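*Asks:* how does the following fold in three dimensions:
(one chain, ligands or ions: 1)
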Amino acid sequence: MINVLMFGPPGSGKGTQSVTLAEKYNLLHLSTGDMLRAELAAGTELGKKMEAIMASGELVPDDVVIDMIAHKIDATTGKAGFVFDGFPRTVEQAEALQKMLEEREMKIDLMLVLEVNDTELMERMKKRALVSGRADDADEAVINNRIAVYSAKTEPVIDYGRKAGVSRSVDGVGSIDEIFDRLCRHIETVI
Ligand code: AMP
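*Replies:* Below you'll find the predicted structure:
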């Protein structure tokens, strides 16, 4: 089993790349953002509780996403591993994931960190806002808050990965195919 964490600020292309990486290597793509949006769309109690937090660009509580991920991992068969997209987003989530994987005789094999400068990120987010239909993409203040939350709470997870010797930084500027090739080269080193 191989477990890959896709990292990078909002708009860095994690989601797009995770989908194709998952297809190529027979991994399950686990996006906590997609799971939460599905709860919202289905109008569940959980979705209703998380809606305001998500709309503001803040993070939902750690235990909510940790439970979601644990359920998905336990319900999965026939895959060669997982691509985690948008999770872990705090050091606490990273520690919980590591423990969860160890308990299931797995580990974090690779953390791919997409590097994209702020000007390019804002451009991409503005373009995405026109097509995504996401409330949190439509408002510049919310986008700025998501980037601030990423710096304050999520970037420290990169240090966690660095200390564990699994983090690799990847140039996230270029064509989708070019970036995909760069990511694949790193994955090939762990399979
Ligand atoms: P994303 O699609 O990954 O950008 O996530 C959209 C929103 O869902 C985020 O701004 C958070 O409010 C929430 N969210 C997604 N994943 C997480 C996570 N791992 N921890 C906390 N909140 C999350």
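*Asks:* for the residue of the chain found nearest the ligand, give me its contacts.
*Replies:* With C-beta to the nearest ligand atom, the shortest gap between the chain and the ligand falls at residue 33, namely 2.0 Å. Where C-beta positions appear, they are placed from N, C-alpha and C, glycine not excepted. Residues in contact with residue 33, defined by C-beta atoms under 8 Å, 6 or more residues apart in numbering, are 15, 85-86.
*Asks:* how about 6 Å then?
*Replies:* Residues in contact with residue 33, defined by C-beta atoms under 6 Å, 6 or more residues apart in numbering, are residue 86.
*Asks:* on the three-state scheme, it is what?
*Replies:* Three-state call for residue 33 (DSSP: H, G, I helix; E, B strand; the rest coil): helix.
*Asks:* how close does it sit to residue 173?
*Replies:* Separation of residue 33 from residue 173 (C-beta to C-beta, to the nearest Å) stands at 22 Å.
*Asks:* got the phi and psi for the residue nearest the centre of the chain?
*Replies:* In the chain, the centroid-proximal residue (C-alpha atoms, centre = their mean) is residue 86; its distance is 1.9 Å. Main-chain torsions, residue 86, degrees, to the nearest 10: phi 80, psi 10.
*Asks:* mind listing what the nearest residue to residue 171 once chain neighbours are set aside touches?
*Replies:* Leaving aside its sequence neighbours, residue 171 sits nearest to residue 115 (C-beta to C-beta, 6 or more residues apart in numbering; 5.9 Å). Residue 115 is in contact with 169, 171-172, counting by C-beta under 6 Å, 6+ apart.
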